[in-house]
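> Need the 3D shape of this:
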Amino acid sequence: MDLNTGGSPDNQINRSQDSVPYVTNLRQEALNNTHFFASRWTSKNMQYAHMSIPVATETGLDVHYNSEQFFYIEQGEALAIMGFCQECLDIQTHIYKGHAIIVPAGIWHNVVNISNLDLKMYTIYAPAFHNYNTVYNTQEEWFGHYEY
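Residues are numbered from 1 along each chain as shown. I've put the predicted structure just below:
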């Protein structure tokens, strides 16, 4: 079970893009995105999405037991908080434009926007956990779809 999505890699994700290459300007897409989360390309083995985290908010603490995740910051500053359990978040680092975070499966993680701009980033999951073209406009929508 993946606490972020309520799913597992075996779930029935709409992977209609499996054989369609995707070419884009990652930076420009991330900067133009106004959604909290918007998947842009989805296959069986990977998913690419944008995130726009408003000032003084966060992605929310979660863990993926069957998925690795990569974040790349295009705008803003953040505090990345990670750890091996929900109560032991002892890995904390300041990140900003040009920084990446690689989160192995099983690591609890949260990204907190500490800048005066919306935090703009893109993320890659391997394997995918969201349907193609999934959009959440707010953090409330994002966490509202989970079933724990």
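> who does the one helix or strand residue 69 maps to pair up with?
Element membership for residue 69 (DSSP states H and E) is strand 68-75. Paired neighbours of strand 68-75 in the sheet (DSSP bridges): strand 100-103 (antiparallel), strand 119-126 (antiparallel).
> got the ones you listed as JSON lines, with distance to residue 64 columns?
From N, CA and C alone the C-beta is placed, and that goes for glycine too. Converted to JSON lines, the strands paired with strand 68-75 look like this (distance: least, C-beta to C-beta, whole Å):
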{"stretch": "strand 100-103", "distance to residue 64": "7"}
{"stretch": "strand 119-126", "distance to residue 64": "7"}
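> Residue 108 pairs with what?
residue 83.
> highest average neighbour count across the strands paired with strand 68-75?
Mean neighbour count (mean count of other C-beta atoms under 10 Å) peaks for strand 119-126 among the strands paired with strand 68-75, with a mean of 22.
> re earlier: list the contacts of the strand holding residue 69.
With C-beta atoms under 8 Å, 6 or more residues apart in numbering as the test, strand 68-75 has contacts from 26-27, 30-31, 51, 80, 95-105, 109, 111, 117-126.
> starting at the chain centroid, how far to stretch 71-87?
Computed by C-alpha atoms, centre = their mean, to the nearest Å, the separation of stretch 71-87 from the middle of its chain amounts to 10 Å.
> Please enumerate the helices of the protein.
Applying DSSP state H to the chain gives helices spanning 26-32, 139-144.
> Which among the strands paired with strand 68-75 is found nearest to residue 133?
strand 119-126 (14.8 Å; C-beta to C-beta).
> Was I right to think residue 105 contacts residue 84?
No - judged on C-beta atoms under 8 Å, residue 105 makes no contact with residue 84 at a distance of 11.7 Å.
> of the helices of the chain, which approaches residue 64 most closely?
Minimum separation from residue 64 across those (C-beta to C-beta) falls at helix 139-144, 14.1 Å.
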